[in-house]
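J.: Sequence plus predicted model, see below.
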Amino acid sequence: MKQNHPKKVRDLVDGVLLLDKPVGFSSNDALIKAKRVLNAKKAGHTGTLDPFATGLLPLCFGEATKFSQDLLEADKTYETTVHLGRTTDTGDTEGEVIDSREVNVTLEQIHAVLEKFRGPIAQVPPMYSALKRDGKPLYEYARAGITLEREARNVVIHKLELVSYEAPMLKLVVTCSKGTYIRVLGQDIGEALGCGAHLNALRRIQVGPLTTEGMLTLEQLTAHPAPLSLLAPVDALLSSFPAVYLNAELAKRFLNGQRLALGKEPVTVPAEQGRVRVYLDDKLLGTAQLGEYSILAPERLIAFVQP
């Protein structure tokens, strides 16, 4: 007779882990591994990194998952190495080489081409991507040898800097808007230079306000005697927003979802309107929109906070 083992009880863990994702792991693989180490009940990541890519993958646990959407929408910065002269079917090192051409470009040509890719540009999403068509990700069609028409998407390249060029390797730093495919950017730069290209390496170094400072590997997380102590607080995701500090009475009303008129209240209110993070003393209560006449409209609230 099969014996039923009791299901493991997961803990309510709140916080943010700045993970240095290793090569060969999908973002979900890395999340599952960290979730297991922390014995966390609820977790999510904030934007996929391809398996061949490394670097900053913010993982959100518990209450932090309520604010992960902000990082999905945030600008991101990458270090990348573009291998000129060789095109692959995936646009990176994991694919099959489908074209090889001679590389004979000058620094002057490189600078001229990079200038064309700064600012707003249109990108055609790659077939090897998780975008879905009729309920199936594009990469499933690609693996079956099927190429579908894709509409170009508008993205913004805020920064595109040349770090070094030693033929055929072109090292760049890119800061871009959400939805940008660095693989496609590398391929398009290669085509503009007349030699084709694919990504040899990709490392993410910034997501919104989060940088590599405090970033940890899976090995460091696993080996630590108290891994929960490595988590950053939930409001690490919100550090770019101004702070509003409420007193106990206003905090209670805020957590009940009430809009507050703060104009005459003895509380700390930033001068600018827009999205804010809201506190009682040092406890994060959630986020809100601060509008005209210092009207505070609750947005996403932290659970289980007792003012």
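T.: Structure received.

J.: Name the nearest residue to the residue nearest the centre of the chain, sequence neighbours excluded.
T.: Relative to the mean C-alpha position of the chain, the nearest C-alpha, by CA atoms, centre = their mean, is the one of residue 47, at 3.9 Å. Excluding the flanking residues, the one nearest residue 47 by CB to CB, 6 or more residues apart in numbering is residue 72, at 5.4 Å. Heads up, the C-betas are built off the backbone N, CA and C, glycines and all.

J.: can you check residue 74 too?
T.: Nearest residue to residue 74, sequence neighbours excluded (CB to CB, 6+ apart): residue 208, at 3.2 Å.

J.: same thing with residue 133?
T.: residue 148 (6.0 Å).

J.: Helices of the stretch 1-150 of the chain, start to end?
T.: Per DSSP state H, counting those that start in this stretch, the stretch 1-150 of the chain carries helices over the ranges 27-38, 68-72, 107-116, 138-143.

J.: got those as CSV, with mean neighbour count, distance to residue 59 and mean pLDDT columns?
T.: Compiled in CSV, these are given as follows (neighbours: other CB atoms under 10 Å; distance: least, CB to CB, whole Å; pLDDT from 0 to 100):
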stretch, mean neighbour count, distance to residue 59, mean pLDDT
helix 27-38, 18, 6, 94
helix 68-72, 18, 9, 83
helix 107-116, 13, 33, 98
helix 138-143, 16, 23, 78
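
J.: could you measure the residue nearest to residue 47 against residue 192, distance?
T.: The gap separating residue 72 from residue 192 is 29 Å, by CB to CB, to the nearest Å.

J.: number of nearby residues for the residue nearest to residue 133?
T.: Residues near residue 148, counting by other CB atoms under 10 Å, number 11.

J.: wait, doesn't it sit right on residue 139?
T.: No: at 11.3 Å, residue 148 does not count as touching residue 139 under the criterion of CB atoms under 8 Å.

J.: re the thing from before, so who does the residue nearest to residue 74 touch?
T.: Contact analysis of residue 208 by CB atoms under 8 Å, 6 or more residues apart in numbering lists 70-71, 74-76, 237, 240.

J.: quick one: low-confidence ranges for the stretch 51-200 of the chain?
T.: For the stretch 51-200 of the chain, no stretch has pLDDT under 70.

J.: Show me where it has its strands.
T.: Here the stretch 51-200 of the chain has its strands, by DSSP state E, counting those that start in this stretch, at 54-61, 76-84, 86-88, 97-100, 119-123, 132-133, 136-137, 153-166, 169-176, 197-207.

J.: Need those strands in JSON lines (columns: mean neighbour count and distance to residue 228).
T.: Converted to JSON lines, these look like this (neighbours: other CB atoms under 10 Å; distance: least, CB to CB, whole Å):
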{"stretch": "strand 54-61", "mean neighbour count": "24", "distance to residue 228": "9"}
{"stretch": "strand 76-84", "mean neighbour count": "22", "distance to residue 228": "27"}
{"stretch": "strand 86-88", "mean neighbour count": "20", "distance to residue 228": "41"}
{"stretch": "strand 97-100", "mean neighbour count": "12", "distance to residue 228": "45"}
{"stretch": "strand 119-123", "mean neighbour count": "14", "distance to residue 228": "40"}
{"stretch": "strand 132-133", "mean neighbour count": "12", "distance to residue 228": "36"}
{"stretch": "strand 136-137", "mean neighbour count": "12", "distance to residue 228": "34"}
{"stretch": "strand 153-166", "mean neighbour count": "14", "distance to residue 228": "35"}
{"stretch": "strand 169-176", "mean neighbour count": "19", "distance to residue 228": "32"}
{"stretch": "strand 197-207", "mean neighbour count": "22", "distance to residue 228": "22"}
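
J.: wait, which of those strands is closest to residue 252?
T.: strand 54-61 (26.2 Å; CB to CB).

J.: circling back: pretty sure the residue nearest to the centre of the chain contacts residue 73?
T.: No: Residue 47 is beyond contact range of residue 73, at 9.3 Å (criterion: CB under 8 Å).

J.: Name the residues contacting each of the two.
T.: residue 178.

J.: if we can go back for a sec, joint contacts of residue 148 and residue 139?
T.: residue 127.
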